[in-house]
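1. No letters, just coordinates:
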């Protein structure tokens with residue numbers, strides 16, 4: 001009996017290590033961020049009661065997954081001219097196949113929108129050499145990422161009135177900027193000075209203050225764009241969670257805090273929205 005407690009603690013420690021490794025593999029595969037993108041687009045359609053077709057979901061998830069594979073796997077390999085192994089190539093091919101499967105039946109304007117986002121993604125980090133692409137233009141990278149996500153979130157909402165559509169586009173852009181701010185704070189020590197990221201320009205406290213102001217404004221816009229009270233309360237809850245994450249963020253935080261927990265907020269937002277709507 002005297003050895004039972006240390007045994008339990010040791011077993012729990014080993015279990016926690018294995019879970020940590022699985023989460024690391026999951027996030028490094030870019031599946032988590034692709035799911036977050038899909039959930040972000042889905043919840044915008046769900047709030048408005050607009051169908052988000054299965055084929056469009058496949059296109060958003062597939063091309064989103066492929067885009068992050070391109071940025072995090074292929075760009076470094078291409079400009080360093082290293083060989084690619086099959087386990088790196090297969091997810092990219094699978095993601096592209098899923099994306100084209102979903103896109104093939106879409107109208108022309110959807111193709112144009114995906115083409116626009118695809119060009120932005122390619123130009124974000126060019127595989128021609130180190131530090132080439134839009135992400136290396138001072139201050140620009142956060143806005144490029146926010147624009148890509150916002151455009152994809154609007155794809156199923158073109159049937160709405162012009163006023164509501166513009167408000168939703170503004171809300172999507174600001175939501176994404178707020179969601180990226182914790183990542184900007186995480187990388188403040190890594191980012192080179194010439195990038196002039198928001199934390200470098202405004203400081204840690206300045207970025208947090210800006211984030212709180214934007215979160216409050218997003219909540220205000222949400223009041224006029226979410227027709228169902230339960231879904232509005234869910235969005236406000238997610239904004240509060242994002243605000244807490246931003247408040248507690250620092251460069252000393254574990255990378256898993258942003259890569260899994262903060263990145264997972266859109267997934268949680270969708271899950272809770274579906275739950276309150278069907279219970």
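-> Now that the structure is in, tell me what you want to look at. Computed from a prediction, not measured in an experiment: that's the story for all the values here.
2. Quick one: the helices in this structure, in order.
-> Here the chain has its helices, by DSSP state H, at 4-28, 31-47, 54-69, 75-80, 86-103, 108-124, 141-153, 162-186, 198-225, 229-247, 255-256, 265-278.
3. so what does the last one touch, helix or strand wise?
-> With contacts defined as 3 or more C-beta pairs under 8 Å, 6 or more residues apart in numbering; DSSP states H and E, the packing partners of helix 265-278 are helix 31-47, helix 229-247. Any C-beta I mention is one placed from the backbone N, CA and C, and that applies to glycine too.
4. so which of those helices is the most packed in?
-> helix 31-47 (a mean of 22; mean count of other C-beta atoms under 10 Å).
5. can you list the helices of the chain in JSON lines and add mean pLDDT?
-> Putting the helices of the chain into JSON lines (pLDDT from 0 to 100) gives the following:
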{"stretch": "helix 4-28", "mean pLDDT": "68"}
{"stretch": "helix 31-47", "mean pLDDT": "97"}
{"stretch": "helix 54-69", "mean pLDDT": "96"}
{"stretch": "helix 75-80", "mean pLDDT": "69"}
{"stretch": "helix 86-103", "mean pLDDT": "90"}
{"stretch": "helix 108-124", "mean pLDDT": "95"}
{"stretch": "helix 141-153", "mean pLDDT": "96"}
{"stretch": "helix 162-186", "mean pLDDT": "96"}
{"stretch": "helix 198-225", "mean pLDDT": "96"}
{"stretch": "helix 229-247", "mean pLDDT": "97"}
{"stretch": "helix 255-256", "mean pLDDT": "84"}
{"stretch": "helix 265-278", "mean pLDDT": "97"}
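6. How many neighbouring residues does residue 215 have?
-> Number of residues near residue 215 (other C-beta atoms under 10 Å) recorded here: 23.
7. check contacts around it.
-> 178, 239, 242-243, 246 (C-beta atoms under 8 Å, 6 or more residues apart in numbering).
8. Those: which two are farthest apart?
-> Spatial extent of the contacts of residue 215 (C-beta to C-beta) is set by the pair 239 and 246 at 10.3 Å.
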